[in-house]
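Student: dropping the sequence and predicted coords here.
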Amino acid sequence: MANPFQSVYFCALGSDSLFIGYLLAISSAVTALMQLVGGYVANAWGRRKVIVIFSFLSAASAWAYIFIDHYQLLMLPVMLASIAGVYGPAFNAMLMDTMEPELRPRGIASYTLITSIPSVFSPYLGGLLIQRYGTLTGVRIAYFIGGLLGLVAVSYRAVTLKESFSGANAEKRKPLLTFTSDFVKDIYHAMKDMNDDLRKILVYSITASIGTGMTVPYTSLYVIDVLGLQAQYYGLLTNVTGLVGLMLLLPAARIVEKVGLKKSAILASLSTPLNQLIFVRAKGMEDLVSWSVLGGASGALMGPSITSLQADFSTPEIRGRVFALFSVFPLLVTVPAQILGGYIYNYYGPLVTFVASIPAFVLATLVLTRIKDSNGKD
């Protein structure tokens with residue numbers, strides 16, 4: 001309910017787009033560091049413990065937004081959420097650990113479908129809260145509800161979750177200096193152990209992150225402030241994207257299994273710059289609905305294909321670190337991209353930001369054409 005309106009909330013507290021860019025860039029940098037640590041801990045300590053501990057911190061970070069009265073204090077909840085991201089690699093690795101390799105596209109699609117259904121209409125509810133109570137109060141109510149439900153969810157997960165990786169060891173009992181040294185060595189060996197195709201997928205993720213970093217933080221601002229759309233209608237557009245993505249998840253998984261992971265990933269990636277063109281030419285609700293529908297379809301196809309490629313090209317022993325690297329390097333690139341996007345939005349005009357992102361998405365698609373399918377075929 002709150003996330004689609006985060007930048008709008010920041011502006012209501014007195015922030016401008018340039019500060020938003022710096023704030024989210026710092027968040028990305030901290031998240032990148034936490035993901036690196038998380039990749040090591042996921043392999044050294046096992047998946048379950050890090051997931052349970054930091055899931056509670058993630059849920060609590062939503063409540064911190066409620067008490068912010070000055071935009072300078074937004075650093076606190078943003079940093080809490082970033083630090084909580086340490087459990088991301090362990091979570092992704094656990095999902096891959098518990099799926100048969102040949103069924104991963106369908107497994108990822110099924111997992112995403114089931115877990116996303118309850119929240120598919122939440123953005124519209126968030127928009128209604130804003131229209132009824134104003135931006136500040138409406139978003140705070142949304143954050144409160146999100147934090148409460150998050151606490152319930154992670155409590156249930158803490159009770160029921162079981163360890164999926166038997167290779168966990170006793171690294172946590174090592175001295176801090178030894179732990180740090182082994183951590184750096186682990187990252188080095190993970191990079192060394194990655195094959196050429198996995199490295200190319202990493203380059204794709206980094207390149208695409210330039211475009212998303214420049215645009216995602218400012219999309220809601222552009223739609224609401226520049227195009228003049230009411231908050232609940234922007235929430236409805238977000239709902240459309242989510243609903244289309246959910247409806248197409250299982251069919252998309254079937255497509256991935258039939259045409260191959262590589263072709264599916266290229267098709268999804270190619271739709272991104274095309275969708276960005278639709279967005280920059282949008283004049284009203286009809287154009288934005290087309291943008292939302294295509295975005296949902298692209299996400300449904302991209303998720304199972306690219307995640308399965310990452311898993312297929314990595315072994316269980318390095319998978320936690322690999323997923324960490326796939327989070328860290330794109331996040332590091334996102335840092336300057338978010339600042340650049342905020343600068344362009346503030347000084348050269350909102351529309352220029354989105355146009356300038358298109359070459360990054362095109363280049364990312366070209367990188368994907370250079371990999372092989374995980375079955376070894378071009």
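Tutor: Arrived safely, thanks for sending.

Student: end to end, how far does stretch 339-356 reach?
Tutor: One end of stretch 339-356 sits 14 Å from the other (CA to CA, to the nearest Å).

Student: residues in contact with that stretch: which ones?
Tutor: Outside stretch 339-356, the residues that touch it by CB atoms under 8 Å, 6 or more residues apart in numbering are 16-22, 25, 213-215, 217-218, 221-222, 225-226, 276, 279-280, 357. Placement of C-beta: from N, CA and C, glycine included.

Student: if any of these are buried, put those into a ChimeraX selection.
Tutor: Listed next is the ChimeraX selection for buried residues among those, using 16 or more other CB atoms under 10 Å:
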select :17,18,19,20,21,22,25,213,214,215,217,218,221,222,276,279,280,357
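
Student: taking the contacts of stretch 339-356 one by one, which sit in helices?
Tutor: Within the contacts of stretch 339-356, residues falling in helices by DSSP state H are 17-22, 25, 213-215, 221, 276, 279-280, 357.

Student: what is the nearest of those to Val259?
Tutor: Distance to Val259, by CB to CB, is smallest for Gln276 among those, at 24.0 Å.

Student: how about the contacts made by the residue positioned nearest the centre of the chain?
Tutor: Geometric centre of the chain, nearest residue: Ser327, 8.7 Å, by CA atoms, centre = their mean. For Ser327, the contact set (CB under 8 Å, 6+ apart) comprises 31-32, 35, 39, 85, 88-89.

Student: identify the farthest-apart pair in those.
Tutor: Farthest pair in the contacts of Ser327, by CB to CB: Thr31 and Gly39, 12.5 Å.

Student: any buried residues in the stretch of helix or strand Ile206 belongs to, and which?
Tutor: For Ile206, the host element (DSSP states H and E) is helix 196-215. Judged by neighbour count using 16+ other CB under 10 Å, the buried positions of helix 196-215 are 197-198, 200-215.

Student: could you list every helix and strand in contact with it?
Tutor: Applying 3 or more CB pairs under 8 Å, 6 or more residues apart in numbering; DSSP states H and E, one finds that helix 196-215 contacts helix 261-280, helix 285-312, helix 316-347, helix 350-368.

Student: just to revisit the earlier point, looking at Thr31 and Gly39, which is more packed in?
Tutor: Neighbour comparison, Thr31 and Gly39: the larger count goes to Gly39, with 31 against 27 (by other CB atoms under 10 Å).

Student: nearest spatial neighbour of the more buried one, skipping sequence neighbours?
Tutor: Ala324 (2.3 Å; CB to CB, 6 or more residues apart in numbering).

Student: contacts only, for the one you found.
Tutor: Taking CB under 8 Å, 6+ apart as the test, what Ala324 contacts is 35-36, 38-40, 42, 88-89, 190.

Student: any idea how far it is from Thr31?
Tutor: Ala324 sits 11 Å away from Thr31, going by CB to CB, to the nearest Å.

Student: which one is Thr207 nearest to, not counting chain neighbours?
Tutor: Ala364 (4.0 Å).

Student: same check, this time on Val240
Tutor: Ser292 (4.1 Å).

Student: number of nearby residues for the one you found?
Tutor: 24.

Student: per-residue pLDDT of it, please?
Tutor: Confidence at Ser292, expressed as pLDDT, is 93.

Student: same question for Trp63.
Tutor: Confidence for Trp63, expressed as pLDDT, is 91.

Student: swap in the one 5 residues further on?
Tutor: Reading off the per-residue confidence, Ile68 sits at a pLDDT of 90.

Student: contact partners for the spatially closest residue to it that is not a sequence neighbour?
Tutor: The shortest distance from Ile68 to any residue other than its chain neighbours is 5.8 Å, reached at Leu74 (CB to CB, 6+ apart). When contacts are counted by CB under 8 Å, 6+ apart, Leu74 touches 10, 13, 15, 23, 65, 68.

Student: in the helix or strand containing Gly127, what's buried?
Tutor: Taking DSSP H and E as the criterion, Gly127 maps to helix 122-133. Buried residues in helix 122-133, defined by neighbour count with 16+ other CB under 10 Å: 122-130.

Student: same for that helix, what does it pack against?
Tutor: Checked by 3+ CB pairs under 8 Å, 6+ apart, helix 122-133 has helix 135-160, helix 231-259 packed alongside it.

Student: mind putting the ones you listed in a markdown table, mean neighbour count included?
Tutor: Compiled in a markdown table, those are given as follows (neighbours: other CB atoms under 10 Å):
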| stretch | mean neighbour count |
| --- | --- |
| helix 135-160 | 17 |
| helix 231-259 | 21 |
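
Student: wait, which of those helices is closest to Pro105?
Tutor: Nearest to Pro105, of all the helices and strands packed on helix 122-133, is helix 231-259, at 4.2 Å by CB to CB.

Student: how about low-confidence regions in the stretch 151-300 of the chain?
Tutor: The model of the stretch 151-300 of the chain has pLDDT under 70 over residues 166-180, 182-183, 186.

Student: try it again with 50
Tutor: Along the stretch 151-300 of the chain, segments meeting pLDDT under 50 span 170-173, 176.

Student: pretty sure Ser209 contacts Val335?
Tutor: No - Ser209 is beyond contact range of Val335, at 9.8 Å (criterion: CB atoms under 8 Å).

Student: output stretch 119-129 in PDB with nothing but the alpha carbons.
Tutor: What follows is stretch 119-129, C-alpha atoms only, in PDB (Å, rounded to 0.1, in the frame of the first residue of the first chain):
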ATOM      1  CA  SER A 119      -1.100  -7.700  -2.200                       C
ATOM      2  CA  VAL A 120      -2.200  -7.200  -5.800                       C
ATOM      3  CA  PHE A 121      -4.900  -4.700  -5.000                       C
ATOM      4  CA  SER A 122      -3.000  -3.000  -2.100                       C
ATOM      5  CA  PRO A 123      -1.600   0.000  -4.200                       C
ATOM      6  CA  TYR A 124      -5.200   1.000  -5.000                       C
ATOM      7  CA  LEU A 125      -6.000   1.000  -1.300                       C
ATOM      8  CA  GLY A 126      -3.000   3.100  -0.600                       C
ATOM      9  CA  GLY A 127      -4.100   5.600  -3.200                       C
ATOM     10  CA  LEU A 128      -7.600   5.700  -1.600                       C
ATOM     11  CA  LEU A 129      -6.000   6.400   1.800                       C
END
